[in-house]
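A.B. asks: Quick one, structure for this:
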Amino acid sequence: MGHANSDFIPANIAILTVSDKRGEAEDTSGHYLREAAENAGHHVVDKKIVVDNLYKIRALVSGWIADEGVQVVLINGGTGFTAGDNTPEALKPLFDREVEGFGELFRMLSYEEIGTSTLQSRAVAGVANKTLIFAMPGSTRACQTGWEKVIAEQLNAQHRPCNFMPHLKR
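C.D. replies: Okay, here's the model as predicted:
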């Protein structure tokens, strides 16, 4: 059965936007994720934008994985199917365990919105050093789908029968 707690426990969240074009002013997806996380009662402890480069993504995320103050990393961008989309390749070697169901569930939900184009979404999630990492497409709509239909519940210790909060570093 699940690991659920009767009290809401805020998570410490870092947000990463992967983009070669967007700066802070244009980062609508990063801003959405910050606002959604804070409105849910979580603490956003860091937010960055990085170019879509395998090693730069991996270096930033590795720093958060090693940081005792970061429990969750929300990434948007770099999950498409072009040669320049590197987020899944950057993350997968870092995972202690992959959360296969996130990508499957994200694509199922996304199918209702964009049909078969969801095949080109390489949304992924995993756990590394008790840090939960979610990577989703860079569109604000995709971030809303990921947050509202999957991530928000899984970061709520009150969600039954299970959620990810007991698995995170304290």
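A.B. asks: Let me know the secondary structure of the spatially most central residue of the chain.
C.D. replies: The chain has residue 134 as the residue nearest its centroid, 2.5 Å off, counting by C-alpha atoms, centre = their mean. State at residue 134, reduced to three classes by DSSP: H, G, I helix; E, B strand; the rest coil: strand.
A.B. asks: so what's it closest to, chain neighbours aside?
C.D. replies: Leaving aside its sequence neighbours, residue 134 sits nearest to residue 125 (C-beta to C-beta, 6 or more residues apart in numbering; 4.7 Å). For the C-beta atoms, the positions are set from N, CA and C on the backbone; glycine is no exception.
A.B. asks: Shouldn't residue 145 be within a helix?
C.D. replies: Yes - judged by three-state DSSP, residue 145 forms part of a helix.
A.B. asks: if we can go back for a sec, residues contacting the residue nearest to residue 134?
C.D. replies: By C-beta atoms under 8 Å, 6 or more residues apart in numbering, residue 125 lies in contact with 98, 99, 102, 103, 132, 133, 134, 135.
A.B. asks: do that again at 6 Å, thanks
C.D. replies: 99, 102, 134 (C-beta atoms under 6 Å, 6 or more residues apart in numbering).
A.B. asks: Any idea how many residues pack against residue 113?
C.D. replies: Residue 113 has 12 neighbours, counted by other C-beta atoms under 10 Å.
A.B. asks: any idea how far it lies from residue 136?
C.D. replies: Computed as C-beta to C-beta, to the nearest Å, the residue 113 to residue 136 distance reads 13 Å.
A.B. asks: same deal with residue 116?
C.D. replies: Residue 116 sits 18 Å away from residue 136, going by C-beta to C-beta.
A.B. asks: residues touching the residue nearest to the centre of the chain, list them.
C.D. replies: Contacts of residue 134 by C-beta under 6 Å, 6+ apart are 74, 125, 151.
A.B. asks: Dump the residues you listed to TSV, plus pLDDT, secondary structure and distance to residue 53.
C.D. replies: Formatted as TSV, these follow (pLDDT from 0 to 100; DSSP: H, G, I helix; E, B strand; the rest coil; distance: C-beta to C-beta, whole Å):
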residue	pLDDT	secondary structure	distance to residue 53
74	98	strand	19
125	98	strand	21
151	98	helix	25
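A.B. asks: can you give me the strands in the chain?
C.D. replies: Applying DSSP state E to the chain gives strands spanning 12-18, 43-50, 72-76, 97-98, 124-128, 131-136.
A.B. asks: So what are the sheet partners of the shortest one and their directions?
C.D. replies: Translated: strand 97-98. The sheet places strand 97-98 alongside strand 124-128 (antiparallel), with pairing taken from DSSP bridges.
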